[in-house]
Structure formats: structure tokens, C-alpha cells
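Model the structure of this input:
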Amino acid sequence: MTSVPDPADEARRAARSGLGVALATSAYGVSFGALSVASGLDVWQTCVLSLLMFTGGSQFAFVGVIGAGGLAAAPAAIASASLLGVRNIAYGMRMSPVIGTGFWRRAAAAQFTIDESTAVSLAQSTRRARLVGFWITGLGIYVGWNLSTLAGALLGDVLGDPKTYGLDAAAAAAFLALLWPRLRQRQPIAVGLAAAAVATILTPVLLPGLPVLVAALVAIVVGWVNWLGHPNLDPREPTAPEPDDVPEREGLP
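From the prediction side, this is the model:
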């Protein structure tokens, strides 16, 4: 007889995963703070970017373009940051059923819908665990990222190049740790390799953000046609009901 996972245990595991990812990703904020100040922004301008924009890739793209071209490059910096932020729209659409209804709830969730919070949430098997994973990860990274941004902006000259400490790889390592358990079948592996190859090839020739969008299209096409997937399954339909969606039957343990 198959045992049903304890929802409380699932939620606790989601919380632990969220905190672990938050710690790893927040450390990378030191790198952004130091790089932003080195690019010519003030400490307060750097902190405002993290408070309001709060999407690491877009922030790095913005200060990178500003650092290369100064204030005259502001339109290009905004365009690059916007292109990288487009992916968050897709995350919002995917997370909408998890977050639920209610204007204020969705408005609050919009600020925390990022790569890591979406990944931790969707890695869980129940709706409660997904909610816990989303909020713990999003709030944890928001607080940690802004604190480490301030630290990096204030101590940038003392710390030197953050890459020396390997902080530039912290966020990528945390995201890979979430992705790795899902790479058990041919289709996810093929999607990951194809998307990575496309992004790597296009990065030197396209504006920041566009390679990510093209790589996402590759993943969508592979999933839609179910290439290398199970031939008898519709890729647009879930393979099994969510545990929270299965009605409880009275009289059974």
C-alpha cells in the first residue's frame, strides 16, 4: 500500500529548501552592490535598485551597461534589464494557480516571483508546500539580497572583486541544485542541454535577455511536441493528480 506523504513534513522540507536557496542567493548580492558602486551609482541608488527592481539578472544587466557607457547608455540599460525581466511574466502565469485569488495577495506575490521562488515552489508536490516554498524563498531572498547589496556597496573597495570568493556562482549553483533531481528522463535532459547550447551560442551576438527568451522558446517547443517524452501522454496534461486535489475518503487512514 502506497503511503501518503505527510503535508506537514512536505511543508517543512519546502521551508528548508527555501531557506537554503535564500542563503546561497543572498550572498551574491554582495557582488551586485560592489559592482554597482564601481559602475558609478551611489550607495542609495544601488539599494533602491535592489528594493524595487529585485531581479538579479536585470540588475546586473543594468549596471553593466551603465558602467560601460555611463548615463548616456541609460536607455540601452533599461532595455536590457527589461528583456531579462520578461521571463518573470511567464513565472507569474505559472504561479497564479498556486498563489490563489485576491488582489492584495497577488500584488504582494508579484514582487517575490523570481527564478528561485518559482523553482522551489514548483519542486514541491502539494499546494501547501508550494505556497510555503514560494513565500519562504521569496521573502528570504528579498531581505538577504537587500542586506547584502548594502554591504557590498559600502564595503566594495575593501572586499575587492567578489568573484574571488566564488559569489558569482552561488545563485547558479543553488538553481542547479533544484534542477538536478528533475533530470531523470530523456526529455528534461534534452531540454536543458538544448536551451543551454542556444543561450551560449546567442549570448555574444544578441542583447542581454534575448538569449534567455530564445532558449525558453526551445524548451516550450520541445515540451509542446513532446519530443523524447512518453508517446502516450499529452504533454499539456498532468500525469497524475496533485495530492491536494485527491478527495479524502472517510473511514480510511
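
all contacts plus neighbour counts: C-alpha atoms, from now on.
Fine.

Which helix or which strand is home to the spatially closest residue to Gly18 that is not a sequence neighbour?
Leaving aside its sequence neighbours, Gly18 sits nearest to Thr137 (C-alpha to C-alpha, 6 or more residues apart in numbering; 4.3 Å). Assessed by DSSP states H and E, Thr137 sits inside helix 127-159.

One more: Gln45?
Per DSSP H and E: helix 43-52 holds Gln45.

Over to Pro97?
Going by DSSP H and E, Pro97 is in helix 87-99.

any residues touching that helix, and which ones?
105-106, 109-110, 113-115, 118, 127, 130-131, 213 (C-alpha atoms under 8 Å, 6 or more residues apart in numbering).

Which positions within that helix qualify as buried?
87-88, 91-92, 95, 98-99 (16 or more other C-alpha atoms under 10 Å).

From Ala199, how far off is the closest residue in space to Ala153 that isn't next to it in sequence?
Excluding the flanking residues, the one nearest Ala153 by C-alpha to C-alpha, 6+ apart is Gly33, at 4.2 Å. With distances taken as C-alpha to C-alpha, to the nearest Å, Gly33 is found 26 Å from Ala199.

and those two? which has more neighbours close in?
Gly33 (33 against 20; other C-alpha atoms under 10 Å).

helix or strand for that one, which one?
If you go by DSSP H and E, Gly33 is part of helix 29-38.

What residues of that helix count as buried?
For helix 29-38, by 16+ other C-alpha under 10 Å, it's 29-38.

pLDDT and distance to Pro75 added to those, as TSV?
Shown next, in TSV, are these (pLDDT from 0 to 100; distance: C-alpha to C-alpha, whole Å):
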residue	pLDDT	distance to Pro75
Gly29	86	24
Val30	86	25
Ser31	82	23
Phe32	86	20
Gly33	89	21
Ala34	85	22
Leu35	83	19
Ser36	85	17
Val37	86	19
Ala38	80	20
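
which one of those residues is nearest Val65?
Among the buried residues of helix 29-38, Ser36 lies closest to Val65 (C-alpha to C-alpha), at 10.6 Å.

Helix or strand with the lowest mean pLDDT in this structure?
Least confident helix or strand of the chain, by mean pLDDT, DSSP states H and E, is helix 170-179 with a mean of 58.

doesn't Leu147 make contact with the residue nearest to Ala153?
No - with contact defined as C-alpha atoms under 8 Å, Gly33 does not count as touching Leu147 (9.7 Å).

Now do the contacts for the residue nearest to Gly18.
15, 17-19, 21-22, 116-117, 120.

Repeat that for Gln124.
Counting by C-alpha under 8 Å, 6+ apart, Gln124 has contacts 10, 14, 130, 133.

mind checking the SS state of it?
Put simply, Gln124 is coil when judged by DSSP: H, G, I helix; E, B strand; the rest coil.

Show the pLDDT at it.
Per-residue confidence (pLDDT) for Gln124: 90.

how close does it sit to Ala216?
Shown here: Gln124 relative to Ala216, a distance of 22 Å by C-alpha to C-alpha.
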